[in-house]
Structure formats: structure tokens, C-alpha cells
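*Asks:* From the sequence below, what's the structure:
(4 chains)
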Protein chains: 2
Amino acid sequence: MEDGIRQRTNGGGEIPVAGDERKETTADAISRGKPTRNATPTRARGLDRAVEIFQLLHVVRKPIPIGEIAKRLGAPRSTIYEIVNLFLAAGILEYSGKGAEVFFGRAIYLYANDYFATHAVVRLGEEEVRRLASLTDETCQLCMPVGNKYAVVSMQNSARLFRIGSDVGVLVPIPWTASGRFFVAHMTPAELEAFIPPEDFRLQDGRKIDPALFLAQAKSALADGICIIPGLVDEHATCVAAPITDHAGRCVACICFIVSAATSEQRMRELSAVLVESARKISASPG
Amino acid sequence: MEDGIRQRTNGGGEIPVAGDERKETTADAISRGKPTRNATPTRARGLDRAVEIFQLLHVVRKPIPIGEIAKRLGAPRSTIYEIVNLFLAAGILEYSGKGAEVFFGRAIYLYANDYFATHAVVRLGEEEVRRLASLTDETCQLCMPVGNKYAVVSMQNSARLFRIGSDVGVLVPIPWTASGRFFVAHMTPAELEAFIPPEDFRLQDGRKIDPALFLAQAKSALADGICIIPGLVDEHATCVAAPITDHAGRCVACICFIVSAATSEQRMRELSAVLVESARKISASPG
DNA sequence: CCCTGAGGTCCGGTATAGCAGACATGATGT
DNA sequence: ACATCATGTCTGCTATACCGGACCTCAGGG
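*Replies:* The predicted model follows:
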């Protein structure tokens, strides 16, 4: 499934992935306003290619031929073969689908297991998502930031199902939902501008979000401990989110509901209370 | 492929991790009897370091400081910092635990989700493991090969719990269990010798397994469609496994019970029948 | 048949990524 | 106080990893 804003890559060197910033290497560099303007189309190194391959596989979400990877990345075939073969041997990628196609491998799966085991937030968060969804019969999600996007880590649809744009695991621009507000609430306007790719302020339906308004919403959401934003993912949907913080008080995840915009104020208050309670419970835990 | 004189770049310091063979790149190369001769301790490339980092994190199974990674890999600190920072920016690794420690990141988790979604075997296998464990009240596992080891992908302990040596995700030498038999049953003795590191034929209690006997057991297991081996993981445990095959008939996973060695023959037959049935059901599915 | 376009391998040259090691900093211990 | 150790950054030299491109095979399709 293509999600809207894809520009067909017409023989170019640009990766067709919706926003990514693999050029920035250190965490510090992200907040810096580094223009990333690199003049010469120069030789790339294997590690960068590797990351690009992972990101590409993630957005296509299905096995693709090795040659296709090279084509989409605008990279030399020989190089991609070399790298992919290395990862195949390590089990990080594996042949999948019809013969010549590759995808993520078992090793990745095991590594994710390790991640899961050490992260109480994810473990407990997924539990809470299931619990809240069955308790309230609303669509509930656990979201976490990934680079300059965020991802739905876990989702439970309500019985009276409501159309949801995003799938589990897909990277979504931060301005697109209420949850995103919490991930940037601590930033200055300059930091925000450096952090969010400009195109991410454009919603799926074409409307633009004003960065200043966005940041104001974020600050006020942080102060309130809850964020309610209507009409973002969908004209008829409202997003309610509460922040989950680590021991240092930084927002590391959000738990949220996607509800009908027609939901009564009374019920919104109830849902908010439930979210805040859940978020607090998870935040308290170590990890 | 007739010229054996190709000098595969075989450098790289030895990683102190129990067996790994990331140097062999193609599936074909695995069956070749390359002795992994290691020449000069030369400069390693970033991609190899990256794989080593992943494998190290996987075996320690908890966040560790970046400097510690360098030390354990015998790699220059500056290099490891560079690579780790790159992966931190991509969300593949992330700071975790106390400040300076790093571990697998959210991106890995999302990639694993993609893997899971495209692999019916894993999805259905995990279901079956839960079902069989509750049905029979025995410890049940789903196992898959990873490189020249195998991993427990999913495990459900029985109520009357029985001491199990391996944890989910840990890489285990193939000769150590009944399941392993199926992964190598198609090989010739020469292929087997090239594939399994010699030290893997030594069990935890020090006993050695004869490769010839091992292969004989494997062949007969394949013919029977079931494999019952007592006293491998533990003197008082017996391993029962059935193979799950892909559309081409190759064994891609095993589902197995770990039961007491005192289990009656009658019950072993019942358990075997259940396993075979489950394995057949999963094998039939596409993916 | 030949032509095209896949998948996959191999090779030599050169831009550059990795290495060694210095340096700054902040804990910790005695 | 000093000594020790760990984290993290930076720099210049040079071994080599990436690249371009040739090459082979196989599978259609006309």
C-alpha cells in the first residue's frame, strides 16, 4: 500500500522513502541546523547503504529482489549484492518470497525479542493498549518516536471500527497526530524547525500545519498531561493522547485513542482520565 | 565457481562470541569446506563491525556501554563510536539503561514486525506452541535455524515445569537437540562437517556427539517425520520434534516438546501425533 | 534464431573510512 | 589533593571498500 505522498523516483539517486535523514550521524547533529547540503554525489559507505536498505525494506514491507534494492537506492548493483550477501549470511536478511527476493531475517526477529525483554515500556504498553481497547471499545494505540518520525508500536482496533490511516510499524510524520505533540514539546522553535522535515507539516488531505501553532499545542499539551486534537488523521476523527515518560521525565512514548469527532465531551473526559491513569502506571515502571 | 583461489576477505578480529560464521557470504559457500583460515589481523570494515555489534548485543542480552563493545570486540574505540552513533541516529540502536549504555532500538522492533507479518510460519507457529502447551501441559517450542545454529523462536513452559536450559532467542548448537536433526538431514557428511563448528558436537555436560551417528539420526528422523532423542539438553529430558517445511519441502522450522525422560511410550506416541499434525498444518500454509 | 532484461559474479583503481592515538572531561577512589 | 579510569571528540595517514563496468547465465518473447 502506497501512502499518498510518494514521488516516483524517475531514475534518480534519491531514495523514494518518505522523509529520512540518514546523513545526520550523531544524535547531536539532529538538533543542529546542519543543512546537509552535500555537493558532490560522492561515494557512499557500506554502513550508510545498510541503513538505507533497512529503511527501504521497511517502507515496502515485503520481500523485494536485490537488484530492485540497488535501483531504488540509486546504488551500484555490485555494492548492494555485497552488502546484502553479508547480511544474508548473518541471518539479518533472508531470502523470502519467490527465490530472488530478500527481506528482514530471523536475526532481526531475535534482536527485537531482546529489545522487547529489556523495555518495560513496550511490554506494559502493549498490555495496556489491549486492556483499554477492550475496556472502552475504542481504537487504542501505543506510539513511540523513531528518528524524526513516530511509529505505531501497537494497536488494537475497536469493535465499532473506525477507519485508521496508519498501520502498525509505519513511520508517520510527527505533526500528524496528537501523540506527536508530546515528542517535541520540550523543543525551541529553532530546534523544532531543524528536527521536523518541512514536508511533514502538510497533512494527507493537503492542509498545512503552522509550526508555531503546532509548538504552542505541544507546550500546552505537556502542561495539561493530555492532548486532544480533532481532525488530523481524518476529518471525522479525534486523537486523544497521554505521555509516557522515562525515569528522567522525558516523553518516550504515548498511549492514545482514536475516536469519532462526534464523541461527547463527557466521554472525552472519561477517556482522557483512563489514558492518563494508564500512562502514569507505565511511566512509573523502570526501564 | 571452479577456481578455488578466490581470496575472500577473511580478516577481522575474532569475536569472543560463541560460534558465528559471518564471513561466508553465499548459501553455496556454506556447504564448501572452507577452513576459515585467518591471516593478518588487518583492518576490518564497518559492515563487519556492525554485524559483530549486533551479535554481541544479542549474546549479552542487555544494554552495555559503547566502550565495552569496543573492548569485547577488540576494535578501536573511535571506530565503534562512529558506527554506534550512526545506528543511534537511525533508531537501530538506542541509549538504554543507565545513560551511557546502548542496546537494540525501536527500528529493530519495527523491522521484526515486518518480518513477522510476512512469515506465516512464525505467526502460526507461535499460535500452535501456545495451543499445544495448554493442550498437553508440556513445554513446547518453535525453533528455527539461524546461520549454523538454531534459535528458540517461541516457547511455552508447562505448568508442571521442567528445567529448560535455553531461553527464547538464544542461539544453540544444532547437535544439542532433536529439532536440530531436521535442519541438517539433507546434507552429506562433508557438508555437515563444513557447516557445524566442531565444538558444537560437545554437549553442555562434556559428552561428545559422533557426527556420523548424528547424521544417521537426522536421516532417519527425516524419513520418519518425527525425531525423539533422550538425554540431550539434560539427562532427564527427552526432546520430541516434528519438521515444518516450506513450499519446496525444505525444513524451515521445528515444533517440539521437551518432556521428562520418564514419559511413557504410550504418551510419547500421543505427543508425537499431535506434533506431526501441527507441523503439517503450519507447513501447508503459504509463506 | 536473436534480442532484451533479469540475477549474479568478478576485477582493478582510487576516494575514503577505519585506525592509532592525542586530547578534554567528569567520576571515582585513596 | 592526586591518581585512575571511563566517556566522548577530533585529526591525519593509508590500507581498502566501494564503484564502474565487463562478464556469464538463464528466461522469455518476438
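*Asks:* ok, the one residue in the stretch 101-250 of chain A that gets nearest to chain B to residue B:108 distance?
*Replies:* Per Cβ to the nearest Cβ, residue A:112 is where the stretch 101-250 of chain A lies closest to chain B, at 3.2 Å. C-betas here are computed from N, CA, C, even on glycine. To residue B:108, residue A:112 is 5 Å away according to Cβ to Cβ, to the nearest Å.
*Asks:* With residue A:46 instead?
*Replies:* In terms of Cβ to Cβ, residue A:46 sits 19 Å off from residue B:108.
*Asks:* Around DNA strand D, which positions in the stretch 51-200 of chain A sit nearby?
*Replies:* Proximity of the stretch 51-200 of chain A to DNA strand D, by Cβ under 7 Å from any atom of the strand, involves residues A:75, A:76, A:77, A:78, A:79, A:82, A:83.
*Asks:* residue contacts, the second one?
*Replies:* What it means is residue A:76. Contact analysis of residue A:76 by Cβ atoms under 8 Å, 6 or more residues apart in numbering or on different chains lists residue A:70.
*Asks:* ditto for the fifth one
*Replies:* With contact taken as Cβ under 8 Å, 6+ apart, residue A:79 is in contact with A:46, A:49, A:70.
*Asks:* Helix, strand or coil: sort out the second one for me.
*Replies:* What it means is residue A:49. Secondary structure, DSSP: H, G, I helix; E, B strand; the rest coil: residue A:49 is helix.
*Asks:* ditto for residue A:243
*Replies:* Classified using three-state DSSP, residue A:243 is strand.
*Asks:* Equivalent analysis for residue A:186, please.
*Replies:* Three-state call for residue A:186 (three-state DSSP): coil.
*Asks:* Let me see the contact set for it.
*Replies:* A:222, A:250, A:251.
*Asks:* List phi and psi for the closest residue to the second one other than its chain neighbours.
*Replies:* Pointing back at residue A:250 there. Take residue A:250 and drop its neighbours on the chain: the residue closest to it by Cβ to Cβ, 6 or more residues apart in numbering or on different chains is residue A:186, 7.5 Å away. The phi/psi pair for residue A:186 (degrees, to the nearest 10) reads phi -80, psi 0.
*Asks:* where do the strands sit along chain A?
*Replies:* Secondary structure of chain A, counting by DSSP state E: strands at A:64-65, A:93-95, A:101-104, A:139-146, A:149-156, A:171-173, A:227-230, A:237-245, A:251-260.
*Asks:* So which bits of the stretch 51-200 of chain A are right by DNA strand C?
*Replies:* Counting by Cβ under 7 Å from any atom of the strand, the stretch 51-200 of chain A sits next to DNA strand C at A:65, A:66, A:67, A:68, A:77, A:78, A:81, A:85, A:99, A:100.
*Asks:* The closest residue in space to residue A:115 that isn't next to it in sequence - how many residues pack around it?
*Replies:* Excluding its sequence neighbours, the residue lying closest to residue A:115 (Cβ to Cβ, 6+ apart) is residue B:104, at 4.2 Å. Residues contacting residue B:104 under the criterion other Cβ atoms under 10 Å in any protein chain shown number 29.
*Asks:* One more: residue A:78?
*Replies:* With other Cβ under 10 Å as criterion, residue A:78 counts 9.
*Asks:* So between residue A:112 and residue B:108, which is more surrounded?
*Replies:* Between residue A:112 and residue B:108, counted using other Cβ under 10 Å, residue B:108 has the larger neighbour count: 30 against 25.
*Asks:* residues contacting that one?
*Replies:* A:108, A:111, A:112, A:115, B:92.
*Asks:* ok, those residues vs residue B:140, which is closest?
*Replies:* For the contacts of residue B:108, the closest approach to residue B:140 (Cβ to Cβ) belongs to residue A:112, at 21.3 Å.
*Asks:* how far away is the nearest residue to residue A:221 once chain neighbours are set aside from residue A:182?
*Replies:* Distances taken as Cβ to Cβ, 6+ apart place residue A:227 nearest to residue A:221, at 3.5 Å, with adjacent residues excluded. Plainly put, residue A:227 is 7 Å away from residue A:182 if you go by Cβ to Cβ.
*Asks:* Which segments of chain A make up each domain?
*Replies:* Following automatic domain parsing, one finds the domains of chain A at A:1-30+A:41-117, A:119-284.
*Asks:* Can you flag the weakest of these by average pLDDT?
*Replies:* Among those, domain A:1-30+A:41-117 has the lowest mean pLDDT, at a mean of 74.
*Asks:* circling back to that earlier point, hmm, the residue nearest to residue A:115 is touching residue A:113, no?
*Replies:* No - in this structure, residue B:104 is not within contact of residue A:113 by Cβ atoms under 8 Å, at 9.1 Å.
*Asks:* picking up where we left off before, which members of the residues of the stretch 51-200 of chain A next to DNA strand C occur in helices, if any?
*Replies:* Per DSSP state H, helices hold the following members of those: A:66, A:67, A:68, A:77, A:78, A:81, A:85.
*Asks:* Restrict those residues to those that also contact chain B, please.
*Replies:* With Cβ under 8 Å from any Cβ of the partner chain as the criterion, those include residue A:85 near chain B.
*Asks:* which among the ones in helices among the residues of the stretch 51-200 of chain A next to DNA strand C end up buried?
*Replies:* In those, burial by neighbour count holds for A:66, A:68, A:81, A:85, counting by 16 or more other Cβ atoms under 10 Å in any protein chain shown.
*Asks:* Which two among those are spaced furthest apart?
*Replies:* Spatial extent of those (Cβ to Cβ) is set by the pair A:68 and A:85 at 15.5 Å.
*Asks:* which among the residues of the stretch 51-200 of chain A next to DNA strand D gets closest to DNA strand C?
*Replies:* residue A:78 (3.2 Å; Cβ to the nearest atom of the strand).
*Asks:* Against which helices or strands is the biggest helix by length in chain A packed?
*Replies:* Criterion DSSP H: the longest helix present in chain A is helix A:265-284. Counting contacts by 3 or more Cβ pairs under 8 Å, 6 or more residues apart in numbering or on different chains; DSSP states H and E, helix A:265-284 is packed against helix A:120-136, strand A:237-245, strand A:251-260.
*Asks:* So what touches that helix?
*Replies:* Contacts to helix A:265-284, defined as Cβ under 8 Å, 6+ apart, come from residues A:120-121, A:124-125, A:128, A:131-132, A:135-136, A:138, A:225-226, A:228, A:238, A:240-246, A:253-257, A:259, A:263.
*Asks:* list the residues that contact both of residue A:227 and residue A:182?
*Replies:* Common neighbours of residue A:227 and residue A:182 (criterion: Cβ under 8 Å, 6+ apart): A:218, A:221, A:241.
*Asks:* hang on, the earlier thing: among the contacts of residue A:79, who's most crowded?
*Replies:* residue A:49 (22 neighbours).
*Asks:* Can you name the residue of the stretch 1-150 of chain A nearest DNA strand D?
*Replies:* Closest residue of the stretch 1-150 of chain A to DNA strand D, Cβ to the nearest atom of the strand: residue A:46 (2.1 Å).
*Asks:* Surely that residue and residue B:47 touch.
*Replies:* Yes - contact status for residue A:46 versus residue B:47: in contact at 4.5 Å, counting by Cβ under 8 Å.
*Asks:* anything in contact with each of those two?
*Replies:* Taking Cβ under 8 Å, 6+ apart as the contact rule, residue A:46 and residue B:47 both touch residue A:83.
*Asks:* Tell me, how many residues neighbour the closest residue to residue A:175 other than its chain neighbours?
*Replies:* Once flanking residues are discounted, residue A:175 sits nearest to residue A:209: 4.9 Å by Cβ to Cβ, 6+ apart. If you count neighbours by other Cβ under 10 Å, residue A:209 ends up with 17.
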